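1. Show me how the following folds:
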Amino acid sequence: MVQPLGRIMTRHALLAAVIALTAAVPMTPAAPADPAAIARGKYLVTIASCHDCHTPGYFLGKPDMARFLGGSEVGFEMPGLGVFHGPNLTPDKATGLGNWTDAEIVAAIQKGERPDGRMLAPIMPWHAFANLTRQDVGAIVAYLRSLPPVANKVPGPFGPSETPTSYVMKIVPPGAK
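-> Residues are numbered from 1 along each chain as shown. Reported below is the predicted structural model:
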């Protein structure tokens, strides 16, 4: 179909205007998270005791607060499943949540799903966290994003037939010996 020259020029003029306006508007970085949301997230992370499983040294009686929520060197052995370590929750891109989207962090907290499709270990209480409000889980994400990145790769996970390379706490189901 042949279009009239005026219509083609109008489209080109409109496209040129959009390009000019886009170039004229400075690119601004994303707005920082609301300080009230970060404070709420800190409160929720604290009362949920996330630091227990996710801070180095916590289970050894000497939490390393310089690496707060940077992942644990102590693993949980779950019979038939293997050994799992509390991962790094800081925004470190190589060893933490730095490359995860907000939606991926929410899915891990509320559905027990990792971005790679693997389910989190049953020790993670995501079933309880599934009841968090949208605002509360958003506040937790904002708080985690506000933390200083900690470069700390945790061991594992180790399958049931693999030998862990770290200290392990064994979870013994009721009735098991």
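
2. Name the SS class of the residue nearest the centre of the chain, please.
-> Nearest to the mean C-alpha position of the chain, by Cα atoms, centre = their mean, lies residue 105 at 3.8 Å. At residue 105 the chain is in helix, as set by DSSP: H, G, I helix; E, B strand; the rest coil.

3. in the sheet, who's paired with the nearest residue to residue 158 once chain neighbours are set aside?
-> Nearest non-adjacent residue to residue 158, counting by Cβ to Cβ, 6 or more residues apart in numbering: residue 83, 4.3 Å away. Using the backbone N, CA and C atoms, a C-beta is placed for each residue, glycine as well. Going by DSSP bridges, residue 83 is paired in beta bridges with residue 77, residue 158.

4. now residue 83: how far from residue 121?
-> Residue 83 sits 9 Å away from residue 121, going by Cβ to Cβ, to the nearest Å.

5. And these two? Which one has more around it.
-> Ranked by neighbour count (other Cβ atoms under 10 Å), residue 83 and residue 121 place residue 83 first, with 25 against 22.

6. Do I have it right that the more buried one meets residue 168?
-> Yes - Residue 83 lies in contact with residue 168 (Cβ atoms under 8 Å); the separation is 5.5 Å.

7. what do those two both touch?
-> Common neighbours of residue 83 and residue 168 are listed as 75, 76, 77 (criterion: Cβ atoms under 8 Å, 6 or more residues apart in numbering).

8. List just the nearest of the residues you listed to residue 88.
-> Closest to residue 88 out of the shared contacts of residue 83 and residue 168 is residue 75 (13.9 Å), distances taken as Cβ to Cβ.

9. Backbone torsions only: list them for that closest one.
-> phi -100, psi 160 (degrees, to the nearest 10).

10. I'd say it and residue 168 touch.
-> Yes - Residue 75 lies in contact with residue 168 (Cβ under 8 Å); the separation is 4.8 Å.

11. Name the residues contacting each of these two.
-> residue 83.

12. Looking at these two, which is more packed in?
-> residue 75 (26 against 18).

13. Between residue 83 and residue 121, which contacts overlap?
-> Joint contacts of residue 83 and residue 121 (Cβ under 8 Å, 6+ apart) are 76, 157.

14. Grab the nearest non-local neighbour of residue 140.
-> That would be residue 41: by Cβ to Cβ, 6+ apart, it lies 4.5 Å from residue 140.

15. Identify the residue nearest residue 80 in space, chain neighbours excluded?
-> In space, residue 80 is closest to residue 160, 5.7 Å off (Cβ to Cβ, 6+ apart).
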